[in-house]
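just need the structure, nothing else, for what follows:
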Amino acid sequence: MIRLNKLEEEIMNVLWDMKGAFPKDIMAHLSEPIPPYNTVLSAVRKLEGLGYVDYTVHGKSHKYHPKLKKSEYGASIFRNLFHGLIGGSKESLLSFFMKEEDVDIEELKKLVEKIEKNEKS
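The predicted model follows:
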C-alpha cells in the first residue's frame, strides 16, 4: 500500500467521516486553501485507480465512497514506519514512546500484555 499525499489523505478522511460524498461536498470539507475542482477530482480518480475509493452514479454526478478502511490504511502506514524507521524492533518502539510520548509504566505494562497475548494467538 502506498503512502498518500496530503490532499489524498485529506480526501480519504472526508470520505471516511462522511461515509461517502459528492465532489462538491468533499471540497466543502477540505482545509484552506481549497484546491481547484479539477485537482480534487484528479486526486479522487487516482484514489479510485488505487482501489481505495469507489463510486455510485447519481444522475450526472458521482458519489464517492471509501473501499479502504481507515484502520487498514493506518495499520499499513504504521507498519511501514515501524519497519522502515525503527527496524521492526519492539524495544526501540517502546523506548521511543517512553521518551517522546511520556508514556507511564502502567500504560507500558498494558501494552506489553497485549503484545504477548497477540504473540500467543
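
all contacts plus neighbour counts: C-alpha atoms, from now on.
Noted.

give the buried residues for the lowest-mean-pLDDT helix or strand in the chain.
In the chain, the helix or strand scored least confidently by mean pLDDT, DSSP states H and E is helix 90-100, which has a mean of 72. By 16 or more other CA atoms under 10 Å, the buried positions in helix 90-100 come out as L94.

distance from that helix to the middle of the chain?
Centre-to-centre, helix 90-100 and its host chain are 22 Å apart (CA atoms, centre = their mean, to the nearest Å).

name the helices or strands packed onto that helix?
In this structure, helix 90-100 makes packing contacts with no helix or strand, judged by 3 or more CA pairs under 8 Å, 6 or more residues apart in numbering; DSSP states H and E.

now do the helix or strand following that helix, average pLDDT.
Toward the C-terminus, helix 90-100 is succeeded by helix 105-120 as the next helix or strand (DSSP states H and E). If you average the pLDDT over helix 105-120, you get 80.

show me where the protein has its helices.
Here the chain has its helices, by DSSP state H, at 6-18, 23-28, 37-49, 70-85, 90-100, 105-120.

and the chain, what are its domains?
6-66, 89-121 (automatic domain parsing).

which residues of the chain score low on pLDDT?
The chain contains residues with pLDDT under 70 at 85-86, 88, 121.

re earlier: what sits up against the least confident helix or strand of the chain?
F82, I86, V103, D104, L108 (CA atoms under 8 Å, 6 or more residues apart in numbering).

then stretch 64-78?
When contacts are defined by CA under 8 Å, 6+ apart, stretch 64-78 is touched by residues 1, 3, 12-13, 15-16, 19-23, 51-56.

export it to CSV, keeping only CA atoms.
C-alpha atoms of stretch 64-78 as CSV (Å, rounded to 0.1, in the frame of the first residue of the first chain):
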residue,chain,number,x,y,z
TYR,A,64,-17.5,8.6,-4.0
HIS,A,65,-17.2,6.3,-1.0
PRO,A,66,-14.2,4.6,0.6
LYS,A,67,-13.4,1.0,-0.2
LEU,A,68,-10.3,1.1,2.1
LYS,A,69,-11.0,1.1,5.8
LYS,A,70,-9.3,3.9,7.8
SER,A,71,-7.9,1.3,10.2
GLU,A,72,-6.4,-0.7,7.3
TYR,A,73,-4.6,2.4,5.9
GLY,A,74,-3.4,3.4,9.4
ALA,A,75,-2.1,0.0,10.1
SER,A,76,-0.2,-0.1,6.8
ILE,A,77,1.4,3.3,7.4
PHE,A,78,2.3,2.3,10.9
